[in-house]
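> Dropping the sequence and predicted coords here.
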Amino acid sequence: MGVPLVAALASCGSDGPSSTPGSTGGAGAGAGGGSGASYWSLTGQPGEGIRQATVDRFNKANSSTPIKLTLFQNDAYKTKIKTAIGAGQSPTIIWGWGGGTLRTYAEANQVEDLTSWFAENPKVKGRLFPSSFGAGTVDKKIYAMPCETVQPIVLYYNKKVLDKVGVAPPKSWGDIMAMVPKLNAAGIAPFSLGGQSRWTNMMWLEFLFDRIGGPEVFQAVFDGQKDAWSNPDAITALTKMQDLIKADGFIKGFSSITADSNADQALLYTGKAAMMLHGSWTYGSMSADGGDFVSSGSLGYMNFPPVEGGKGDPSDTVGNPGQYLSISAKASDAEKETAKKFFATAILDDAEVKSWIDTGSIPIVNGSDAKIAGSKDADWLKFLYGVASGAKVFAQSWDQALSPTAAETLLDNISKLFQLSVTPQQFADNLNAVIGK
Amino acid sequence: MLPAPPGGGSTAGSTAGRSGGKVGVGSVGWMAAPALLFFTAFGVIPLFGVLALSFTSWDGIGAIRFAGFDSWTAVLTNPGLPHALWVTFLVMALSWLVQTPLSILLGVFLAGAERYRAVLSVLYFLPLLLSSAAIAITYKALLDPNFGLGAGLGLPFLSQDWLGRPNLALGVVVFVVSWQFIPFHSLIYQGAVRQIPTSMYEAAQIDGAGRMRQFFSITLPQLKNTIVTSSTLMVVGSLTFFDLIYILTAGGPGDATRVLALDMYITGFQANLMGPASGIALILVLVGLSIALLLRRIGGGDDTASQLEGA
């Protein structure tokens, strides 16, 4: 065993966090004294720079209790943080997506119950979107402070490409299926997809399930109902998914593209692909990396279109209702104090709110829509705010809502579904086996 | 590693043992202590920890609970296990088949004393200097069907969906593994070829043996022990391929390249099922040990037989 385990751990380490100058990987270390705190989060612009700036502002104002920020790539972070927490090496401040993973932390008493702290600090709680607290709450106790931005999944399209081929943005699933052969005939991939990351494929199913069967279909899975995946609407959605794959709806080689490399976005803005279903956070990175693609108005966006005969409300959306910051229960009291001070004074302060809006995101602060008007991305922000606040149901991403065990089986089967190596029925059977686990 | 032969058997390099006998072994036995200590601390003790964990249910974060044979039932009834074993054996067999002949030929070629061979050998050994992660990231970028080498150079045959089709992806994994490790094995063979006494070749030349005949009748038989050593390293090493495959394909597409080591990692660290992951780890250990023993049986069984001239 020694060798493989060492290999596994070594590779966690070699994923290479891009740490701030002077920060060390060993987070929990240096616990004694009235000291600062450690904080782990994600790389990737524009979020990376904003997180760093917020920490820098806090450290300037609190030079005796600085916060050390360490940043990791998305896919690597998900494993790294779990391992660190399990090994008692957790950072003081744990960045996450809430939901099922937060539940495992809370049930293992690894994160601080913040309910009473929020009760004592109603101002901190009152300025954030009430809807953002759901995924940070486990059994009616708040274990995480919502932070950053609301991130619905959006259907993006390249206006220039659609114009060139002479097709309009899809208004229904039927439109999508009709566009696919036309785009393929023009030598343009209909949809870009970073399929190796697997959660990217999952976004498609989230919308198809909702549009066809309504939010109840996945809710039944989440609630642990027996054989919930065998719902006829679920089978229909899975079948339609494979129909699109069989029709060459996705870019060649999608199953070897990772979302962490942003190659899926590059396919859209270089015009190799016409459309892309992706999180609203990609708007910022496409603005940064795509040359004048966004600024010249070539990027189009819409909510996922309805499916003919479906029961779901076309205003429904899925995604991340916010991001979440928890405090490690294993941190020293001084570290916890520093973290709480950071939550109360630095997180989503005016400067951070402005930075998020400037990069095309909606921070989860009440009244942020009022600050949209002056932004260069006002149209996009208005659309985004409309989707987020107008959604009848804003569902949390499946892999975040479920427990890590069920989520892994889900993602594994999704990748097989997209490889066409399992049928919709086999998919449902495999997943029924892990319901409630 | 091999026990010293009891009598006057003339194994290669046994001169010290012959003159020193038991006293010699006793006085240098302590030299094994550091290695033994490390092996115990990082090999044996964790192994027992893993054995214990395989009878528990643990998500890696919360409390560890005893769960009897639950994990083992889960592991052994999971259809993913035979698949992962099959993929592991495929990678093992294919990478051995690709690496061994190429390494021997390169090793023989590089053993020559000419200057240009020394220059070439430096070039050949370059992949040895790179970490697996760096190699994997580089190949992933080069093989990208939309932005990779094929698209960049406008060569359609290079812009296959290398990592997106099950059989191609497996082939790419074997290729990259071979690319990375052939230099190492060539180095071993180069050293071994240089050990072969030139007098044997001179005698063969006098007898009128051509180059091919010399290679098959002298070089290859003389390399027998080296082939066993190199094969053991290849085969057992291939069981633990992880970082390269994890970065290159993450086990995909689907589970086409999900080898046992990767299966263990995903089960343990992504699905938070440490019990079943420990079960997989033990299976990995058992498979590795059996193969290593088997190889020794096949190749090293008659290790008293001389490989030296005149014996």
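Nice, thanks for sending it over.
> show me what contacts residue 167?
Going with chain A. By C-beta atoms under 8 Å, 6 or more residues apart in numbering or on different chains, the contact list for A:V167 reads A:M179, A:K182, A:L183. Using the backbone N, CA and C atoms, a C-beta is placed for each residue, glycine as well.
> My question was about chain B, not that one.
For B:N167, the contacting residues are B:A256, by C-beta under 8 Å, 6+ apart.
> give me the element it is part of.
helix B:166-195 (DSSP states H and E).
> Out of the contacts of A:V167, which are close to chain B?
When these are checked against chain B using C-beta under 8 Å from any C-beta of the partner chain, none falls in range.
> Of those, just say which sits nearest to chain B.
Using C-beta to the nearest C-beta, A:L183 comes nearest to chain B of those, at 15.2 Å.
> which SS class is the closest one?
helix (DSSP: H, G, I helix; E, B strand; the rest coil).
> So it is in contact with A:I251, correct?
No - the pair A:L183 / A:I251 is not scored as a contact, 10.8 Å apart, by C-beta atoms under 8 Å.
> shared neighbours of those two, anything?
A:A189.
> Between these two, tell me which one has more neighbours.
Neighbour count, other C-beta atoms under 10 Å in any protein chain shown: between A:L183 and A:I251, A:I251 has more, with 27 against 21.
> Please name the nearest non-neighbouring residue to the more buried one.
Spatial nearest neighbour of A:I251, chain neighbours left out: A:A189 (3.8 Å); criterion: C-beta to C-beta, 6 or more residues apart in numbering or on different chains.
> List phi and psi for A:W40.
Here is the backbone geometry of A:W40 (degrees, to the nearest 10): phi -110, psi 140.
> partner residues bridging it?
Beta-bridge pairing for A:W40 (DSSP bridges): A:T70, A:I94.
> can you pull the buried residues of stretch A:274-290?
For stretch A:274-290, a neighbour-count test (16 or more other C-beta atoms under 10 Å in any protein chain shown) marks A:274-288, A:290 as buried.
> no wait, stretch A:244-263
Under the neighbour-count criterion of 16+ other C-beta under 10 Å, stretch A:244-263 has A:244-245, A:249-263 buried.
> Which members of these occur in helices, if any?
Taking DSSP state H as the definition of helices, these contribute A:L244, A:I245, A:A263.
> any chance of these in JSON lines, plus pLDDT?
Compiled in JSON lines, these are given as follows (pLDDT from 0 to 100):
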{"residue": "A:L244", "pLDDT": "96"}
{"residue": "A:I245", "pLDDT": "96"}
{"residue": "A:A263", "pLDDT": "89"}
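> isn't B:T88 right up against B:T257?
No - between B:T88 and B:T257 there is no contact under C-beta under 8 Å: 10.1 Å.
> Neighbour count: these two, which is higher?
More neighbours surround B:T257 than the other of B:T88 and B:T257, with 27 against 22 (other C-beta under 10 Å).
> Now the more buried one. Its backbone dihedrals?
With angles defined as degrees, to the nearest 10, B:T257 sits at phi -120, psi 30.
> Restricting to C-alpha, output stretch A:262-275 in CSV.
These are the backbone C-alpha positions of stretch A:262-275, laid out as CSV (Å, rounded to 0.1, in the frame of the first residue of the first chain):
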residue,chain,number,x,y,z
ASN,A,262,-10.7,27.2,-20.1
ALA,A,263,-10.3,25.5,-23.5
ASP,A,264,-14.1,25.1,-23.7
GLN,A,265,-14.4,28.9,-23.5
ALA,A,266,-11.7,29.4,-26.0
LEU,A,267,-13.6,27.2,-28.5
LEU,A,268,-16.6,29.6,-28.2
TYR,A,269,-14.7,32.8,-28.5
THR,A,270,-12.5,31.6,-31.3
GLY,A,271,-15.6,30.6,-33.3
LYS,A,272,-14.8,26.9,-33.4
ALA,A,273,-18.0,26.3,-31.5
ALA,A,274,-21.3,28.2,-31.7
MET,A,275,-22.7,27.8,-28.3
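> pLDDT of stretch B:52-65, averaged?
Stretch B:52-65 shows a mean pLDDT of 87.
> Equivalent analysis for stretch B:270-287, please.
Here the average pLDDT along stretch B:270-287 is 91.
> starting at the chain centroid, how far to it?
Relative to its parent chain, stretch B:270-287 has a centroid offset of 20 Å by C-alpha atoms, centre = their mean, to the nearest Å.
> Please name the residues that touch the closest residue to chain B within the stretch 1-150 of chain A.
Residue nearest to chain B within the stretch 1-150 of chain A: A:A108 (3.3 Å; C-beta to the nearest C-beta). When contacts are counted by C-beta under 8 Å, 6+ apart, A:A108 touches B:D59, B:I61, B:G62, B:A63.
> go with 7 Å
A:A108 is in contact with B:I61, B:G62, counting by C-beta atoms under 7 Å, 6 or more residues apart in numbering or on different chains.
> What separation is there between it and A:A228?
Look at A:A108 and A:A228: by C-beta to C-beta, to the nearest Å, they are 26 Å apart.
> do B:M200 as well
74 Å.
> Quick check: mean pLDDT of the host helix or strand of A:K123?
Counting by DSSP H and E, the element that carries A:K123 is helix A:122-126. Average pLDDT, helix A:122-126: 87.
> Surely A:L155 is in contact with A:L277?
Yes - assessed by C-beta atoms under 7 Å, A:L155 is found in contact with A:L277 at 5.3 Å.
> what is in contact with these two at once?
A:F304.
> Could you pull out the helices in the stretch 251-400 of chain A for me?
A:263-269, A:282-289, A:333-345, A:350-358, A:378-390, A:398-401 (DSSP state H, counting those that start in this stretch).
> what's the closest of those helices to chain B?
The closest of the helices of the stretch 251-400 of chain A to chain B is helix A:263-269. By C-beta to the nearest C-beta, the value is 6.0 Å.
> Run through the neighbouring helices and strands of that closest one.
Counting contacts by 3 or more C-beta pairs under 7 Å, 6 or more residues apart in numbering or on different chains; DSSP states H and E, helix A:263-269 packs against strand A:189-192, strand A:273-279, helix A:282-289.
> Let me have the ones you listed in CSV, extended by mean pLDDT.
Putting the helices and strands packed on helix A:263-269 into CSV (pLDDT from 0 to 100) gives the following:
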stretch, mean pLDDT
strand A:189-192, 96
strand A:273-279, 95
helix A:282-289, 90
